[in-house]
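Asks: the sequence isn't on hand, but the structure is:
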């Protein structure tokens, strides 16, 4: 499971020109689910997302988590994070989880974030979405449950 965490001052996602999810200060998370991913992967990423110190304290050091600042999280499914771009010019998606399983693990990740006490908005699974954000910093981290934990 892969997640791109972007520290934002605001973010929103639209489907068919309607806002389906929006947050103020917090994190935009782009989440990709791969075939071998399990609930354990979702749990590891949710814990890391909630606790990773990405926000500055009064001394200007990245010492605070999204939980610490009372921030919000916008989670957007993004199967292209499972792409293999090593060969040729066209990405391969054979490692992406099938839609039903990907949605189940995506929803599980969102539920776990909420259990960590976070306010979570979401995109719409399998929809064509337009994501807008104001990246704060910019500060962006890539998490991969197969490599980080």
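Replies: Cool, got the structure. These numbers come from a predicted model, not from an experiment.

Asks: switch to C-alpha atoms for all contacts and neighbour counts from now on
Replies: Noted.

Asks: kindly confirm my reading that residue 48 is in a helix.
Replies: Yes. Checked against DSSP: H, G, I helix; E, B strand; the rest coil, residue 48 lies within a helix.

Asks: neighbours of it, how many?
Replies: 17 (other Cα atoms under 10 Å).

Asks: and what of residue 53?
Replies: Neighbour count for residue 53, taken as other Cα under 10 Å: 17.

Asks: what does the one 5 residues further on give?
Replies: As a burial measure, residue 58 scores 8 neighbours (other Cα under 10 Å).

Asks: what of residue 112?
Replies: Residue 112 is flanked by 19 other residues according to other Cα under 10 Å.

Asks: which parts of the longest helix belonging to the chain are buried?
Replies: Ordering each helix of the chain by length in residues (DSSP state H) puts helix 99-115 first. By 16 or more other Cα atoms under 10 Å, the buried positions in helix 99-115 come out as 101-103, 105-114.

Asks: which elements pack onto it?
Replies: Using 3 or more Cα pairs under 8 Å, 6 or more residues apart in numbering; DSSP states H and E, the elements in contact with helix 99-115 are helix 39-51, strand 119-122.

Asks: so what touches it?
Replies: 31, 33-34, 38-39, 42-43, 45-47, 49-50, 75, 77, 120, 125-126 (Cα atoms under 8 Å, 6 or more residues apart in numbering).

Asks: do stretch 23-39 as well
Replies: Counting by Cα under 8 Å, 6+ apart, 1-12, 66, 71-82, 95-98, 102, 105-106, 108, 121, 133 sit against stretch 23-39.

Asks: ok, 7 Å please
Replies: 1-12, 66, 71-82, 95-97, 102, 105 (Cα atoms under 7 Å, 6 or more residues apart in numbering).
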